[in-house]
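1. structure for the following, please:
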Amino acid sequence: MEQTAKPKQPLYKNLFVQIIASIVLGILVGYLWPTVGIALKPLGDGFIKLIKMIISPLVFVVVVLGIAKVGNMKTVGRIGGKALLYFEAVTTIALIIGLVVANVMKPGAGMKVDPATLSTDAVGSVTKNAELPHGVDFFMNIIPESVVSAFATNTMLQVLLVSCLFGFALVKVGGRTSEFLIEAFDHISHVIFQIMGFIMKLTAIATFGAMAFTVSQYGMQTLLGFGKLFLAMTVACLLFLLVLEVIMRVFVGIGLWKAIKLVREEIMFAFATGSTEAVMPQIMTKLEKAGCHRSVVGLVVPTGYSFNLDGASIYLALALVFLAQATGVDLSLTEQLILLGVLLLTSKGMAGIPGSAFVALSATAASTGSIPVAAVALMLAPDRIMGNYRTTINIIGYVVATFVVARWEGLFDRERALHVLSGKGTVADFPADPDPAASAEKDGQPHEAESIYKPKPTAEQV
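-> You can find the predicted model right below:
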């Protein structure tokens, strides 16, 4: 029996095409009619609020189901440990690349800015005078005041802690209670993803509104005035992508470009809106369907939003050296190594803080004593566009980290990944949820999850 060919989807129904068209239209409207562009701001803001509304319950059910279906607390602990080790190594590379590019290209040289003429009031209004948590405070902030407050404030590390504890308890209780709750959460997850489906239909409209507002608010002059800084950031990001390409080839055996194509809609939307949180649910769904086990996706992606800020790391290193050059401060090699050490700490505490990039820049500049803190105000103008770089690289970083940790832990179906990423099939060719038994450990050792996912049989095979 011959398989009936599926009708080709019209180009205008392709989400990636819709987002690209929305970005182009948004730029035109923002440039030609700035007043209209500013009035369109609620379109993007409303969409992001809708997504954030659903993130906490989605992370909760994904993490709980992932832990429960693995059924082994040691495995979950090992996944978390490997993820943190990977995050630290890769963000260090990102910081070094930012420092090297800033020293070679010297984007701030010749600006001769007098810090005394700059006011920190504008930075204070953006950051709401927030500070990075120090030492014990950082870990204490992971513990919520109550279970409800973790979800009410949408604090990702707190939600992750509650989810892990619930998942571990579910494994420990076992029996019919565990089976009943797992089945219930499975049904709830389908409902949550259906809600996500409803919200995603507004993606193109939200992208249009966000892009129109950005161009109206900041104008094309910003792009021209800080052209050398944007060029340096572009070079740094491209160099970092080369590093990720090597990591993907060596540790996963798949090219980076295929992984980027998997989440291209999410990358473009995040680029237009400057928000990575708005695409978290879609990224988690795609990674799971592309061969990464649910337990890995549920732990690595939300944790990465706090600890794997690759784009933000590049930005911080580059921006600080830029500020030093712009204000005539000559940083020695020793001072830059100290700067690197400080950034390894400050870059990890940014998540969930208003104006986090400015808080981290101010804290790092203050701790070094070489760069005037007032100079941070120079970054107010280009920050929105630099934020587009940050979100793009951050998202690609989350995807690569998930693939690497899944393969490292043996909870990765390479056959399925190649099938989906090659474009020969789609995620619809596979069941939504893998067989949990197939991903359990064998003889106490993690294994390659080669047989977890199998494509649905074609009409000829039937």
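
2. need the contact list for the residue nearest in space to the middle of the chain.
-> The C-alpha lying nearest the average C-alpha coordinate of the chain belongs to residue 395 (CA atoms, centre = their mean; 3.6 Å). Residue 395 makes contacts with 263, 266-267, 270, 276, 279, 283, as judged by CB atoms under 8 Å, 6 or more residues apart in numbering. Just so you know, the C-beta spots here come from the backbone N, C-alpha and C atoms, and that holds for glycine as well.

3. which helix or which strand is home to it?
-> Using DSSP states H and E, residue 395 falls within helix 383-409.

4. avg pLDDT for that helix?
-> Average pLDDT, helix 383-409: 89.

5. kindly calculate the angle that the helix or strand just after it makes with helix 383-409.
-> Next along the chain after helix 383-409, taking DSSP H and E as the criterion, comes helix 414-421. Orientation check (axes from the mean of the first three to the mean of the last three CA atoms, to 10 degrees): helix 414-421 against helix 383-409 gives 150 degrees.

6. before we move on, back to that, which of the contacts of residue 395 sit farthest apart?
-> Largest separation among the contacts of residue 395 by CB to CB: 263 and 276, giving 11.3 Å.

7. more crowded one of these two?
-> Legend: neighbour count by other CB atoms under 10 Å for residue 263 and residue 276, higher for residue 276 (25 against 21).

8. got phi/psi on that one?
-> Residue 276 adopts backbone torsions of phi -90, psi -30, taken as degrees, to the nearest 10.

9. ok, and what's touching stretch 176-193?
-> So stretch 176-193 is contacted by 54, 57-58, 61-62, 64-65, 68-69, 170-171, 281, 285, 432-433 (CB under 8 Å, 6+ apart).

10. which one of the residues you listed is nearest to residue 336?
-> Nearest member of the contacts of stretch 176-193 to residue 336, counting by CB to CB, is residue 281, at 38.9 Å.

11. give me the pLDDT for that closest one.
-> Note for residue 281: predicted pLDDT of 84.

12. give the burial count for it, as a bare number.
-> Applying other CB under 10 Å, we find 23 other residues in the vicinity of residue 281.

13. again, but for residue 104
-> By other CB under 10 Å, neighbour count at residue 104 equals 11.

14. which helix or strand contains it?
-> According to DSSP H and E, residue 104 maps onto helix 73-105.

15. report the angle between that helix and helix 383-409.
-> 140 degrees.

16. for the nearest residue to residue 323 once chain neighbours are set aside, give its distance to residue 266.
-> Setting aside the residues directly before and after it, residue 323 is nearest to residue 375 in space (CB to CB, 6 or more residues apart in numbering), at 4.3 Å. Applying CB to CB, to the nearest Å, the value for residue 375 to residue 266 is 34 Å.

17. residue 174 - how many residues pack around it?
-> Residues near residue 174, counting by other CB under 10 Å, number 11.

18. per-residue confidence at it?
-> Confidence score, pLDDT, at residue 174: 79.

19. pretty sure residue 92 contacts residue 345?
-> No - if you go by CB atoms under 8 Å, residue 92 and residue 345 don't touch, sitting 11.6 Å apart.

20. shared neighbours of those two, anything?
-> Common contact partners of residue 92 and residue 345 (CB under 8 Å, 6+ apart): none.

21. okay, now the unreliable bits of this protein?
-> Where the chain drops to pLDDT under 70, the residues are 1-13, 71, 115-138, 218-225, 348-356, 423-462.

22. how about the strands in it?
-> Assigned by DSSP state E, the strands in the chain number zero.

23. most widely separated two among the contacts of stretch 176-193?
-> 54 and 171, at 25.6 Å, using CB to CB across the contacts of stretch 176-193.

24. give me the number of residues near the closest residue to residue 328 other than its chain neighbours?
-> Nearest residue to residue 328, sequence neighbours excluded (CB to CB, 6+ apart): residue 112, at 6.3 Å. Per other CB under 10 Å, the neighbour tally for residue 112 reads 10.

25. likewise residue 288?
-> 25.

26. contact partners of stretch 54-66?
-> Identification of contacts with stretch 54-66 by CB under 8 Å, 6+ apart yields 76, 150-151, 154, 156, 159-160, 162-164, 166-167, 170, 182, 185-186, 188-189, 192-193, 195-196, 199, 277, 280-281, 284, 293-299, 302.

27. now, of those, which are buried?
-> 76, 150-151, 156, 159-160, 162-164, 166-167, 170, 182, 185, 188-189, 192-193, 196, 199, 277, 280-281, 284, 293-299, 302 (16 or more other CB atoms under 10 Å).

28. what about residue 82, distance to residue 303?
-> From residue 82 over to residue 303 (counting by CB to CB), the distance is 11 Å.

29. again but with residue 281, I slipped
-> Remark: distance between residue 281 and residue 303 (CB to CB) = 16 Å.

30. do the same with residue 64
-> Residue 64 sits 15 Å away from residue 303, going by CB to CB.

31. which one's more surrounded, these two?
-> Taking other CB under 10 Å, residue 64 and residue 303 do not tie; residue 64 has more neighbours (26 against 22).

32. what's near enough to touch the residue nearest to that one when sequence neighbours are not counted?
-> The shortest distance from residue 64 to any non-neighbouring residue, by CB to CB, 6+ apart, is to residue 167 (4.5 Å). Counting by CB under 8 Å, 6+ apart, residue 167 touches 63-68, 76.

33. if anything else comes up later, I'll come back, but that's it for now.
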